[in-house]
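Colleague: Fold the following, please.
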Amino acid sequence: MTKRNSVFTIAGIFIFLLLCLVPTGEAQTCVPASDPGSPAWQLGLKCNLTSVSTPYQFSVGSLTYWQITWVPSGTVSAASLSLDSSATGAAGDYSTGGIITSGTIGSLASAGSYTSSTPTTPTNFGQITPSVTGSGTVTLFLFGYRSNSSASSGPTVTQGTTPWVDNISQIGGTAISLYGLLLNGVAATGTATSGAVRLPGFSATGSLWIGGSSITGSPSGCQVALDLQGSNGGPLSSAIATVAFTPGNSYQSFSVAPSLAYAYGDNLVAVFTCGTYPTAGTISVGFDSLPATSILTSNFTTFNGNAWPSAGVSSGIPKVGIVGNGGNNIDTAPGAALPGHGIETVTQSQSTGSLPAATTNAKANNFLSDLVGNLFVRTGSSQPFSAFITLSTNTTTQIEATPGAGLTLYVTNVVFNTRTAGSATTLQLVQGTGTNCATGQTTLTPTFPDTAVSVSQLNLNSPLVPVAANAICATQAGTTAGTADVLITGFVAP
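Modeller: Take a look at the predicted model:
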């Protein structure tokens, strides 16, 4: 009898020692987070919190700025968290909320984040004290920083214009790169449309994750449609991707790979709809954007892993090495023979005596040429002018009115035609404002004699340039006036 009792005693001690080696729930609550790269945190913890999770202690040291990010999955009816402080780290020595109180952090029952904007009270040790009600899990990331500059550029999860997580390496155990929260714990009982969320790197390729909480009923025909939006708030497309799913109290992930035309954009919008909606519960939707650099290889020989077409295939297809549609080079070295198919400037050819169809103001148009390619060119602007007057007395008379503020009458041709000779008289162009250029009048040409019947013509290589907004007048002066015609042509331009 004594021997049997000894055996039982030894076996009991052995089983007790084995049980002592089993990890406790506390040891499994949090694990170190992955290296963030840049900007770096000084403390990074990932915690999977449930209703049976116990407090988790960690060393604080010089850390005084904090960021906390959380995403619930499954049924989580209530959840909270406090960061406690202790000078010694001994059990029972922790002050509840000594670093950050649970009220300051807020509810963890729906996805969100908290960032401290001012330094917390320094302490030696910290403790995560969670409280979770329900059968679900809250995936939480805690980041500690020595300086506010690190914290301010670290991760955030907020619903609005800048909800991107830069440093988090996992959500619900799934690796992510650049993460945005589109719908944050919204009611799953009706249609929900997110605000516009900025796409990091402008990439619309990535993973869509969907989490449900307290979902009841028999939902069917449910989907999340993703739309791109421009930086000005206008839509760029209808749905670039539509993901069908069945709402539930679990985490779901789907790949999103829109066509190349919709692979990039400024903002992303999510729209949740169902044929039959859940009778209760909430839904959260996030998007994990792949960096744009992962779409094209650096040497451009492949696209999304597929070889680009080689030269010589049908027109409109991207090619390795740019050639014309006939398969010939489109450029050549200086002094070499002309390429078979060069890049040409196309003109609209017009036969003599024909006119092209006119377009309306501020519309695209073609260059015009004759049938062998000689360009038709008009000197000046789109607003030419020509004017003439007849002078029979010694006076100054306006020939072309002021073009308006900021504009100038450029004169390209002048003709003085004396029909009846005067006596000791001259002709001249002047400029000025007011009636017949009376205000601020200055000469525009030298004087030309008006004492014999003749024609004087100025063919100008460079136009005469009056002062901006000045009119042009013609003057006859002398003893006895003759009769002369004055003709000018030109254009109006700034």
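
Colleague: pLDDT score assigned to the residue positioned nearest the centre of the chain?
Modeller: By Cα atoms, centre = their mean, the chain has its centre lying nearest to Asp266, at 4.1 Å. What the model reports as pLDDT for Asp266 is 76.

Colleague: got it, and Gly211?
Modeller: 84.

Colleague: Just the buried positions in the strand or helix carrying it, please.
Modeller: According to DSSP states H and E, Gly211 maps onto strand 206-216. Across strand 206-216, burial judged by 16 or more other Cβ atoms under 10 Å covers Gly206, Ser207, Leu208, Trp209, Ile210, Gly211, Gly212, Ser213, Ser214, Ile215. No exception for glycine: its C-beta is placed from N, CA and C like everyone else's.

Colleague: by contact count, what packs against that strand?
Modeller: Applying 3 or more Cβ pairs under 8 Å, 6 or more residues apart in numbering; DSSP states H and E, we find strand 206-216 packed against strand 65-73, strand 222-229, strand 235-245, strand 251-256, strand 280-289.

Colleague: which residues does the nearest residue to Leu371 once chain neighbours are set aside bridge with?
Modeller: Counting by Cβ to Cβ, 6 or more residues apart in numbering, the nearest residue to Leu371 once its immediate chain neighbours are dropped is Ser349, at 5.3 Å. The partner list for Ser349 in beta bridges (DSSP bridges) reads Ser369.

Colleague: Lowest mean pLDDT across the helices and strands packed on strand 206-216, which one is that?
Modeller: Note on the helices and strands packed on strand 206-216: strand 235-245 shows the lowest mean pLDDT, a mean of 79.

Colleague: Tell me how far it lies from the chain's centre.
Modeller: 19 Å (Cα atoms, centre = their mean, to the nearest Å).

Colleague: ok, residues contacting it?
Modeller: Contact with strand 235-245 is made by 204, 208, 210, 222-230, 252, 254, 256-259, 262, 265, 271, as judged by Cβ atoms under 8 Å, 6 or more residues apart in numbering.

Colleague: For the nearest residue to Gly422 once chain neighbours are set aside, give me its contacts.
Modeller: Distances taken as Cβ to Cβ, 6+ apart put Gly482 closest to Gly422, at 3.0 Å, once the chain neighbours are dropped. Counting by Cβ under 8 Å, 6+ apart, Gly482 makes contact with Ser392, Thr418, Arg419, Thr420, Ala421, Gly422, Ser423, Thr425, Asp450, Thr451, Gln476.

Colleague: what does Asn413 give?
Modeller: Going by Cβ under 8 Å, 6+ apart, Asn413 touches Gln457, Leu458, Asn459, Leu460, Leu487, Ile488, Thr489, Gly490.

Colleague: Of all the helices and strands packed on strand 206-216, which one is nearest Thr442?
Modeller: For these, proximity to Thr442 was assessed by Cβ to Cβ; strand 235-245 is nearest, at 57.4 Å.

Colleague: May I have the strands that pair with the closest one, each with its orientation?
Modeller: The strands beside strand 235-245 in its sheet (DSSP bridges) come out as strand 222-229 (antiparallel).

Colleague: Kindly calculate the angle that the partner strand makes with strand 251-256.
Modeller: Strand 222-229 runs at 50 degrees relative to strand 251-256, counting by axes from the mean of the first three to the mean of the last three Cα atoms, to 10 degrees.

Colleague: sorry, back to before: just the buried ones from the contacts of strand 235-245, in PyMOL syntax?
Modeller: Selecting only the buried entries of the contacts of strand 235-245 in PyMOL, with 16+ other Cβ under 10 Å as the criterion:
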select buried, resi 204+208+210+222+224+225+226+227+228+229+252+256+258+262+265+271
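
Colleague: just to revisit the earlier point, just put the buried residues of strand 206-216 in TSV and tack on distance to Thr246.
Modeller: Shown next, in TSV, are the buried residues of strand 206-216 (distance: Cβ to Cβ, whole Å):
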residue	distance to Thr246
Gly206	22
Ser207	18
Leu208	15
Trp209	15
Ile210	10
Gly211	13
Gly212	9
Ser213	15
Ser214	15
Ile215	9
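
Colleague: Among the residues you listed, give me the pair with the biggest separation.
Modeller: Farthest apart among these by Cβ to Cβ are Gly206 and Ser214. That separation is 27.4 Å.

Colleague: Any stretches of the protein with poor pLDDT?
Modeller: 1-29, 34-40, 149-180, 200-201, 230-237, 290-332, 338-344, 352-353, 355 (pLDDT under 70).

Colleague: how about the helices in it?
Modeller: Using DSSP state H, the helices assigned to the chain run over residues 2-20, 25-29, 102-105, 148-152.

Colleague: So which elements touch the shortest one?
Modeller: Other elements packing on helix 102-105 under the criterion 3+ Cβ pairs under 8 Å, 6+ apart are strand 78-86.

Colleague: how much does the strand it packs on deviate in direction from strand 65-73?
Modeller: Put simply, strand 78-86 runs at 150 degrees to strand 65-73, going by the same axes, to 10 degrees.

Colleague: Sheet-wise, list the partners of strand 78-86 with their directions.
Modeller: strand 95-100 (antiparallel), strand 125-133 (antiparallel).

Colleague: Give me the distance between that strand and the centre of its chain.
Modeller: Using Cα atoms, centre = their mean, the offset of strand 78-86 from its chain centre is 39 Å.

Colleague: do stretch 471-488 as well
Modeller: Put simply, stretch 471-488 sits 63 Å off its chain's centre (Cα atoms, centre = their mean).

Colleague: Buried ones in that stretch, by neighbour count?
Modeller: Quick answer for stretch 471-488 (16+ other Cβ under 10 Å): 471-478, 481-488.

Colleague: Chain neighbours aside, what residue packs nearest to Thr133?
Modeller: Ala78 (4.1 Å).

Colleague: Count residues in the vicinity of the nearest residue to Leu444 once chain neighbours are set aside, would you?
Modeller: Excluding the flanking residues, the one nearest Leu444 by Cβ to Cβ, 6+ apart is Leu429, at 4.2 Å. The number of residues packed near Leu429 is 25, by other Cβ atoms under 10 Å.

Colleague: my guess is Leu429 contacts Cys473, does it?
Modeller: Yes: under the criterion of Cβ atoms under 8 Å, Leu429 makes contact with Cys473 at 7.3 Å.

Colleague: where do the contact lists of these two overlap?
Modeller: Ile399.

Colleague: report the longest strand in this structure, please.
Modeller: strand 408-420 (DSSP state E).

Colleague: And that one, what's buried?
Modeller: By neighbour count on 16+ other Cβ under 10 Å, the buried set for strand 408-420 is Thr408, Leu409, Tyr410, Val411, Thr412, Val414, Phe416, Asn417, Thr418.

Colleague: and those residues as TSV, adding distance to Trp66?
Modeller: Shown next, in TSV, are the buried residues of strand 408-420 (distance: Cβ to Cβ, whole Å):
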residue	distance to Trp66
Thr408	67
Leu409	72
Tyr410	70
Val411	76
Thr412	76
Val414	82
Phe416	89
Asn417	92
Thr418	96
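
Colleague: which of these sit farthest apart?
Modeller: Pairwise distances across those (Cβ to Cβ) peak at 28.7 Å, for the pair Thr408 and Thr418.

Colleague: and Gly74, how many residues sit next to it?
Modeller: A total of 19 residues lie near Gly74 under the criterion other Cβ under 10 Å.
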